[in-house]
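Asker: what shape does this take:
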Amino acid sequence: MYRLLRFAIRPVTYSRWLHLCVPVLVVAVWIFIMPEAPWLPAVFIAPFGLIPWVRTAEGLQAQFLLTPYDRGAEDGAISTAASRRWGDRWRTVLWLEVRMVLAMVTMFATVWLPVFTVELVTLACGYPVQGDVSLPVQPPRWAAAALVPVPLIVLLVTVFLLGELVTAVAARLLGPSAAERLSALEQRTEQLLERTRIARELHDTIGHALTVAVVQAGAAQAAGDPAFTERALSAIEETGRAALEDLERVLAVLRDTGPRPSQRPTLAEADRLLESARASGATVEAELSGPLETLPGPVTREGYRILQEALTNVLRHCGPVPVRVRVAMGAQRLDLEVSNPLPTRPVVSTGGGSGLRGIRERAALLGGEAETGPYKGRWRVRARLPLERIG
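Answerer: Numbering: from 1, shown residues only. Okay, here's the model as predicted:
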């Protein structure tokens with residue numbers, strides 16, 4: 001019984017009832033003006049659906065009263081956008097007409113069912129009903145007493161069913177169009193891509209800084225040399241400052257407020273990464289060829305992150321070992337290769353290290369490719385980034 005009548009205690013049932021009764025105000029005013037033609041408001045209201053902002057007003061009212069639990073959701077069933085196409089306008093016209101019809105049905109149920117209840121109470125008390133009687137049949141006193149709650153229950157059930165109906169119609173006629181859904185999907189996709197990019201940025205910058213700091217601190221502790229310890233602390237400080245700058249830039253993107261901090265680092269600043277690796281004790285043999293400062297923005301920025309993650313991977317899994325770095329800019333592509341002796345513990349390249357996966361994702365986004373894994377007795381990270389596709 002509770003499941004059957006629980007709609008009677010739901011607030012949304014009564015907010016939908018209010019929504020159904022709003023057009024009755026227009027009809028009530030019209031009846032005073034022209035009582036012989038109460039149907040004319042349905043004709044006059046139709047052209048208003050062709051006005052773009054009317055769809056916004058109807059959508060806001062429907063969201064507030066029909067689906068309050070869904071208000072503000074990105075994928076809500078009811079849209080609040082103005083009409084952009086004629087299809088949206090004609091759907092708004094149809095909505096106004098359907099809403100007017102449902103309002104008339106609601107007005108009939110709201111007025112006459114309580115009247116039936118009053119007449120039944122009068123008969124149950126033993127008094128005759130004065131004036132015109134609305135009841136089709138006047139029951140005896142005992143039957144009238146038993147039937148008193150029936151019209152009210154019928155009223156609640158009618159209001160509930162009409163509320164469900166008007167909500168379904170609103171979702172159909174005021175719901176987002178195909179163009180609106182596509183636009184929302186594109187916006188959501190852009191947000192997800194931006195979040196993924198930020199996650200990669202944080203992983204690369206903070207991961208690199210922490211790896212360098214850990215390696216430097218461990219080497220300084222093992223060396224026991226004050227001069228080496230001083231150099232290690234200086235390297236940790238420099239790496240930490242660079243990481244803080246990158247973190248500030250990423251957080252500024254998340255906040256989307258204030259002036260933009262410095263731009264993302266590029267391959268023209270690759271020496272900073274190489275010196276950081278050398279300061280960690282690694283022997284870095286670097287070969288940089290070509291005018292790297294003329295690389296397209298996306299290629300030079302993503303290439304820097306690929307190099308950073310490759311060096312971080314070396315320090316994290318192998319420690320300060322000899323590393324070979326080759327960055328060559330050709331006419332059509334950029335070749336980037338980092339190799340080092342294989343670690344004592346095998347590194348799984350097919351699984352899901354987020355760093356190695358990030359390298360492959362960065363290369364793929366630029367239309368290139370990246371390979372990570374053992375090669376001729378060494379561990380190699382190799383990326384090829386095309387230049388002709390980047391404008």
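
Asker: helix, strand or coil for Tyr127?
Answerer: The three-state label for Tyr127, taken from DSSP: H, G, I helix; E, B strand; the rest coil, comes out as coil.

Asker: who's in contact with it?
Answerer: Residues near Tyr127 by C-beta atoms under 8 Å, 6 or more residues apart in numbering: none. Yep, even glycine has a C-beta here, placed from its N, CA and C like the rest.

Asker: tell me the domain ranges of the chain?
Answerer: Using automatic domain parsing, the domains assigned to the chain come out as 2-176, 182-386.

Asker: ok, of those, where does mean pLDDT dip lowest?
Answerer: Mean pLDDT values for the domains of the chain show the minimum at domain 182-386, a mean of 78.

Asker: ok, now which ones touch Val323?
Answerer: With contacts taken as C-beta under 8 Å, 6+ apart, Val323 has the following neighbours: Ala277, Ala282, Thr283, Val284, Glu285, Leu311, Val314, Val338, Ser339, Asn340.

Asker: for it, what are phi and psi?
Answerer: Dihedral pair for Val323: phi -130, psi 140, per degrees, to the nearest 10.

Asker: now stretch 233-244 - C-alpha only, PDB.
Answerer: Listed in PDB are the C-alpha atoms of stretch 233-244, where the atom choice follows Å, rounded to 0.1, in the frame of the first residue of the first chain:
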ATOM      1  CA  LEU A 233      71.200  19.900  -2.700                       C
ATOM      2  CA  SER A 234      71.700  22.600  -5.400                       C
ATOM      3  CA  ALA A 235      70.400  20.200  -8.000                       C
ATOM      4  CA  ILE A 236      67.400  19.200  -5.800                       C
ATOM      5  CA  GLU A 237      66.600  22.900  -5.300                       C
ATOM      6  CA  GLU A 238      66.800  23.700  -9.000                       C
ATOM      7  CA  THR A 239      64.600  20.700  -9.900                       C
ATOM      8  CA  GLY A 240      62.100  21.600  -7.200                       C
ATOM      9  CA  ARG A 241      61.800  25.200  -8.400                       C
ATOM     10  CA  ALA A 242      61.200  24.000 -12.000                       C
ATOM     11  CA  ALA A 243      58.600  21.600 -10.700                       C
ATOM     12  CA  LEU A 244      56.900  24.300  -8.700                       C
END
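
Asker: now that stretch: how far from the chain's centre is it?
Answerer: When C-alpha coordinates are averaged (C-alpha atoms, centre = their mean, to the nearest Å), stretch 233-244 and its chain have centres 35 Å apart.

Asker: for that stretch, buried residues please.
Answerer: Going by neighbour count (16 or more other C-beta atoms under 10 Å), the buried part of stretch 233-244 is Ala235, Ile236, Glu238, Thr239, Ala242, Ala243.
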